[in-house]
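>>> I'll drop the sequence and a predicted model, then ask my questions.
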Amino acid sequence: MVVRTSGATLNVVAAQGATLYSGASGLVSDLAAFRVGDRVGVQGTRTANRVVATKVGSIFRPIQARVDRVSSDGASADTTEGRVLLTAGQLPVQRPVGATRRAEGLHPGLVLQGLGWTDPSNGDRYLLVRG
């Protein structure tokens, strides 16, 4: 993995037992699971142009979105942050068939709060909420 900062381009390798959390795949065991262009935080030991990382994680940002409308089939909601797909328990690459929809209890005016991640490969945004 190569990481660009404001001052350097660094090669990142995972230390034995490193904690790696990809926005696309969740907890992973290999740096190859991260998407090109993903914004990440890296913790570890730096030497010259290399970091031996004990932790690498995709950057999530707090999001607050008010629900404006829920689709008639309960599959999505239009919010102040754009359209939200209401598929529970999914990350971008884990799409189980028949996943449940989580529209119960959603209504116009409800405010959703959570952490958001944007997939750099296609611009899709994901909202993680406690449910």
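Noted; the coordinates are in hand. Residues are numbered from 1 along each chain as shown.

>>> now stretch 121-131, how far from the centre of its chain.
How far stretch 121-131 lies from its chain's middle: 6 Å, per C-alpha atoms, centre = their mean, to the nearest Å.

>>> So which residues make contact with that stretch?
By C-beta atoms under 8 Å, 6 or more residues apart in numbering, the surrounding residues in contact with stretch 121-131 are 23, 35-37, 60, 63, 65, 81-82, 84, 88, 91-92, 102, 112-119. To be clear about C-beta, it is placed using only N, CA and C from the backbone, and glycine gets the same treatment.

>>> In PyMOL, select just the buried ones from the residues you listed.
A single PyMOL command selects the buried members of the contacts of stretch 121-131 (16 or more other C-beta atoms under 10 Å):
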select buried, resi 23+35+60+63+65+84+92+102+112+116+117+118+119
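
>>> Out of the contacts of stretch 121-131, list just those in strands.
Under the assignment DSSP state E, the contacts of stretch 121-131 contribute 63, 65, 82, 84, 112, 113, 114, 115, 116, 117, 118 to strands.

>>> okay, now the domains of this structure?
With domains defined by automatic domain parsing, the chain comprises 2-58, 61-128.

>>> Now tabulate the ones you listed in CSV and tack on mean pLDDT.
Converted to CSV, those look like this (pLDDT from 0 to 100):
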stretch, mean pLDDT
domain 2-58, 94
domain 61-128, 78
